[in-house]
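*Asks:* okay, predicted coordinates and the sequence, questions at the end:
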Amino acid sequence: ADSLKILGIETSCDETAASVVVRHSDGRGEIISDVVLSQLDEHSAYGGVVPEIAARAHVEALDVLIEEALLKAGMTLNDVDAIAATSGPGLIGGLLVGLMTAKAIAKAANKPLYAINHLEGHALTARLTDGIQFPYLMLLVSGGHTQLVLVRGVNDYQRWGTTIDDALGEAFDKTAKLLGLPYPGGPAVEKAALNGDEKRFNFPRPLVGEARLDFSFSGLKTAVRQAAEAAAPVSDQDIADICASFQRAIARTMDDRIGRGLERFNAEFPNPVEQPALIVAGGVAANRALRGALQSLCDKHGFRFVAPPHHLCTDNAAMIAWAGLERMALGLPADDLTVAPRSRWP
Ligand code: KG4
Ligand code: ZN
């Protein structure tokens, strides 16, 4: 097959992004341009993403970013073979902006449109960055999702575990808020933990020991609140100790939960062609305590641990473009211009 080029668009949360990606005839992917505008500054004063502000910011930025992505790639719309845009899950206002823009471009330039599930974008990124072969396991840990997914192929996913309450990133963000640390909480908690005593507090490790592969983090948040209240007024050292103990509880929890997932994978695929792989994606994948725990777990179970570069773990349009290319290369049908955005799309 010839090489395929695609323009990808991502607007499902608080990042506006556009990217041009090529799939070469040998199946290798190459990111030609990848531009992201984070709205972090516009939301941080509110301690979280405000949907209405996000949607308006996408409207203001998206056309400029698409032009920039094409310009950096040295291309015009005529040069790409298709348009791919996130059509869910996510905040409906942002999804509408991205998908309607993509439809307009597809119609005007007479190119096929691929409506992409954001989670599929995360799930397939490791094939773009590292050429990972199916099947593999993916752990998605972001502000909105905590999922362990068996990736058997394009369009062929099996969710093995999900959170029954808060997402892992949400637990970091809420813990940070409780302790008076800035938003987003993850990086702030990780930084504070560097000076902390991780053994000072024995925080709960929800669902550890259970056979099902789900996650739960809301009890951890309650325990953090109680520890902070008991230590009030909290000193910087108290905050550091709470953060370190919180991260330790998470590392131990993930060690148990994901360890079971790796064992199940080995049981289901006893004769792998390649070394089995665990992929991480999502903003929390930046966390060193979590990465360290996952790396040793993978070493123990004979898995390859794959963490794509940080800017491809967090929300971006290259992963959406790549998911479109994977569909094209398989000859999966493009989407009709009547396709609707879906705020929920498991
Ligand atoms: O994937 P992402 O950028 O956005 C979506 O949620 O879609 O993830 C953001 C989440 C936030 O909850 C943030 O606190 C968390 O990722 N995060 C971290 C770290 N960096 C970002 N959590 C823990 N440690 C970090 N270093
Ligand atoms: Zn995401």
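*Replies:* That came in fine, so what should we check first? Ligands and ions are numbered 1, 2, ... in the order given.
*Asks:* drop to CA atoms for contacts and neighbour counts, all remaining ones
*Replies:* Noted.
*Asks:* can you give me the strands in the stretch 101-250 of the chain?
*Replies:* Listed in chain order, the strands of the stretch 101-250 of the chain (DSSP state E, counting those that start in this stretch) span 113-117, 136-141, 146-153, 156-162.
*Asks:* name the nearest residue to whichever residue of the stretch 1-150 of the chain sits closest to ligand 1, ignoring sequence neighbours.
*Replies:* In the stretch 1-150 of the chain, the residue that lies nearest ligand 1 is Gly143 (3.2 Å; Cα to the nearest ligand atom). Nearest residue to Gly143 in three dimensions, chain neighbours excluded: Gly169, at 4.1 Å (Cα to Cα, 6 or more residues apart in numbering).
*Asks:* my read: that neighbour touches Tyr183, true?
*Replies:* No: if you go by Cα atoms under 8 Å, Gly169 and Tyr183 don't touch, sitting 11.2 Å apart.
*Asks:* who are the contact partners of the residue of the stretch 1-150 of the chain closest to ligand 1?
*Replies:* By Cα atoms under 8 Å, 6 or more residues apart in numbering, the contact list for Gly143 reads Ala167, Leu168, Gly169, Glu170, Gly282, Gly283, Val284.
*Asks:* include distance to ligand 1 when you put those into JSON lines, please.
*Replies:* Shown next, in JSON lines, are those (distance: Cα to the nearest ligand atom, whole Å):
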{"residue": "Ala167", "distance to ligand 1": "8"}
{"residue": "Leu168", "distance to ligand 1": "7"}
{"residue": "Gly169", "distance to ligand 1": "3"}
{"residue": "Glu170", "distance to ligand 1": "5"}
{"residue": "Gly282", "distance to ligand 1": "4"}
{"residue": "Gly283", "distance to ligand 1": "3"}
{"residue": "Val284", "distance to ligand 1": "4"}
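*Asks:* show me those residues that map onto helices.
*Replies:* Judged by DSSP state H, the contacts of Gly143 include Leu168, Gly169, Glu170 as members of helices.
*Asks:* SS state for the closest residue to Val20 other than its chain neighbours?
*Replies:* Spatially, and ignoring its direct neighbours in sequence, Val20 is nearest to Leu7 (4.7 Å; Cα to Cα, 6+ apart). At Leu7, secondary structure determined by DSSP: H, G, I helix; E, B strand; the rest coil is strand.
*Asks:* for beta bridges, what are the partners of Leu7?
*Replies:* The partner list for Leu7 in beta bridges (DSSP bridges) reads Val20, Ile83.
*Asks:* how about the residues of the protein by ligand 1?
*Replies:* Selection of the chain residues close to ligand 1 by Cα under 6 Å from any ligand atom yields 142-144, 169-170, 172-173, 184-187, 190, 282-284, 286-287, 314-315.
*Asks:* mind checking how far the nearest residue to Ala123 once chain neighbours are set aside is from Asp2?
*Replies:* Nearest residue to Ala123, sequence neighbours excluded (Cα to Cα, 6+ apart): Met138, at 6.4 Å. According to Cα to Cα, to the nearest Å, Met138 and Asp2 sit 29 Å apart.
*Asks:* please compute how far stretch 42-54 lies from its chain's middle.
*Replies:* Distance of stretch 42-54 from the chain centroid (Cα atoms, centre = their mean, to the nearest Å) equals 19 Å.
*Asks:* buried residues, that stretch. List them.
*Replies:* By 16 or more other Cα atoms under 10 Å, the buried positions in stretch 42-54 come out as His43, Gly48, Val49, Pro51, Ala54.
*Asks:* pull the most distant pair out of those residues.
*Replies:* Farthest pair in the buried residues of stretch 42-54 (Cα to Cα) is Gly48 and Ala54. Separation: 10.7 Å.
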